[in-house]
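K.L.:
Below: sequence and its predicted model.
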Amino acid sequence: MNIFRSEPMRVRSWAPKAASLTWRLYDFQLTTYAVLLLLFGLAMAYSNSVGATHTTLSPGSPFVRYLMWSVIAIVVFLIATIFDYRWLRTFAWPIYLLNVGLLIVTLRFGSSTGNAGTSARWIVIAGFQLQFSELAKILMIIVFAAFLAGREAKVKSVWTVIGAIIILVPPWILVMLQPDLGTSLVLVGTLAGMLFMSGVSLRWLGTLAAAVVGAIPFVWQRLVPYQQARLLALLNQGQDPRGSGYQLIQAEHAVNAGGAWGKGLTNGTVLLPVQTTDFVWGVLAEELGFFGSMVVLALFVALMWRLLVCSWRSNDQFALLLGCGLASMMLFQVFVNVGMVLGLVPITGIPLPFITYGGASLVSVMGGLGVLQSTNLRREPPAW
């Protein structure tokens, strides 16, 4: 039984009908906001390269690698824009199996760094370090959108929520085993946002939220020690200033040191752990200041708004849910990443889209934006 379709079985073609591209429907605002955020990410990679090596163009520097990944991400964006997004719904089930397979491969053959212990998060292919859990975020948005679109007529049913949770569980467990608490939370947050936007009953969403809260003790027992220490550090930052509380303390110093206008690009002096990834917002706040930080946040808000506008304009429920899923994912990641630098939420290792140095995250996000542009080009043009 195909869980992605709920309508009565009937004979029909499995391939979507060809649709002509209407390039005047291309959303230039969405692309503009994405490119501006990418340039801010490139600026942060440049700053981190100067601070680390003093040679920004040396092979392997954050700037060179980010520049390389930016080119790849733009190519992926263009390919996804031209590609007919409706095929994704047709092959939603194989995409789901591919996603689970990639996560299994990561656990079996991947490598780990830092506090990740003996588990694995990265796969090295031809010298490129890939994190399939980042790709899983986009692939699961496609799968969730296909499932919820197929149950549009039964979206108020509790079985819709139960079915979505059943789909989530296998990749969620595989991500937790890496261990990658941040990505596992993003998957849950993205699904919650998509369920809400699809029109699921608030009663069932409330029940789901209560179940998540009730599962906290179970999840806590399965966190590795460094993850538990990170979460506890939020409650008492001064308890271990040279250990679990060090990151939060340094991040707050960096934000405070930036003031209103910042110290200027490459002029940051506060030493931040993993400042190219988890705590890149601290570097941005110190060097660009409060107003520079607000510009970046405004770009994120504008981009998420365009995601919703593009999805609302579509007459296809699948396309609408794709946009809502991307917006939910981005909102959750921005809120948690910035919040943990400001000491508002626990440190969970969630990257900041575009700004965090990481090829898999950038390519995945740009691919998702390209898919949404594909929905723009194939929607019914307005009569006026």
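P.N.:
In hand now; what should we look at? Residues are numbered from 1 along each chain as shown.
K.L.:
CA atoms for contacts and neighbours, from now on please.
P.N.:
Noted.
K.L.:
now stretch 37-49: how far from the chain's centre is it?
P.N.:
Centroid separation between stretch 37-49 and its chain, computed with C-alpha atoms, centre = their mean, to the nearest Å, is 18 Å.
K.L.:
And the strands in the stretch 51-200 of the chain?
P.N.:
Using DSSP state E, counting those that start in this stretch, the strands of the stretch 51-200 of the chain run over 123-125, 128-130.
K.L.:
With mean neighbour count and mean pLDDT added, can I get those strands in TSV?
P.N.:
Formatted as TSV, the strands of the stretch 51-200 of the chain follow (neighbours: other C-alpha atoms under 10 Å; pLDDT from 0 to 100):
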stretch	mean neighbour count	mean pLDDT
strand 123-125	14	75
strand 128-130	15	73
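K.L.:
Among those strands, which comes closest to T375?
P.N.:
T375 lies closest to strand 128-130 among the strands of the stretch 51-200 of the chain, at 27.3 Å (C-alpha to C-alpha).
K.L.:
Show me how far the host helix or strand of G323 is from its chain's centre.
P.N.:
Per DSSP states H and E, G323 falls inside helix 317-341. Relative to the chain's own centre, helix 317-341 is displaced by 7 Å; criterion: C-alpha atoms, centre = their mean.
K.L.:
Keeping just the C-alphas, turn the helix or strand following it into CSV.
P.N.:
Once helix 317-341 ends, the next helix or strand along the chain (criterion: DSSP H and E) is helix 359-377. Only the C-alpha atoms of helix 359-377 are listed here, as CSV (Å, rounded to 0.1, in the frame of the first residue of the first chain):
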residue,chain,number,x,y,z
GLY,A,359,29.4,22.4,2.2
ALA,A,360,26.6,19.9,2.8
SER,A,361,24.4,22.4,4.6
LEU,A,362,24.9,25.0,1.9
VAL,A,363,24.3,22.7,-1.0
SER,A,364,21.2,21.1,0.6
VAL,A,365,19.6,24.5,1.3
MET,A,366,20.3,25.9,-2.2
GLY,A,367,18.9,22.7,-3.7
GLY,A,368,15.8,23.1,-1.6
LEU,A,369,15.4,26.7,-2.8
GLY,A,370,15.9,25.5,-6.4
VAL,A,371,13.0,23.1,-6.0
LEU,A,372,10.8,25.9,-4.8
GLN,A,373,11.8,28.0,-7.8
SER,A,374,10.8,25.0,-9.9
THR,A,375,7.3,25.2,-8.4
ASN,A,376,7.2,28.9,-9.3
LEU,A,377,8.0,28.2,-13.0
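K.L.:
Between helix 317-341 and helix 359-377, find me the angle.
P.N.:
150 degrees (axes from the mean of the first three to the mean of the last three C-alpha atoms, to 10 degrees).
K.L.:
Would you mind pulling up the elements that helix 359-377 packs against?
P.N.:
Using 3 or more C-alpha pairs under 8 Å, 6 or more residues apart in numbering; DSSP states H and E, the elements in contact with helix 359-377 are helix 62-82, helix 132-150, helix 280-313, helix 317-341.
K.L.:
can those go into CSV with extra columns for mean neighbour count, distance to I355 and mean pLDDT?
P.N.:
CSV is the format used below for the helices and strands packed on helix 359-377 (neighbours: other C-alpha atoms under 10 Å; distance: least, C-alpha to C-alpha, whole Å; pLDDT from 0 to 100):
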stretch, mean neighbour count, distance to I355, mean pLDDT
helix 62-82, 19, 10, 93
helix 132-150, 25, 15, 94
helix 280-313, 21, 7, 92
helix 317-341, 24, 10, 93
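K.L.:
so where's the stretch 151-300 of the chain shaky on pLDDT?
P.N.:
Low-confidence regions of the stretch 151-300 of the chain, defined here as pLDDT under 70, cover residues 226, 230, 232-245, 273-277.
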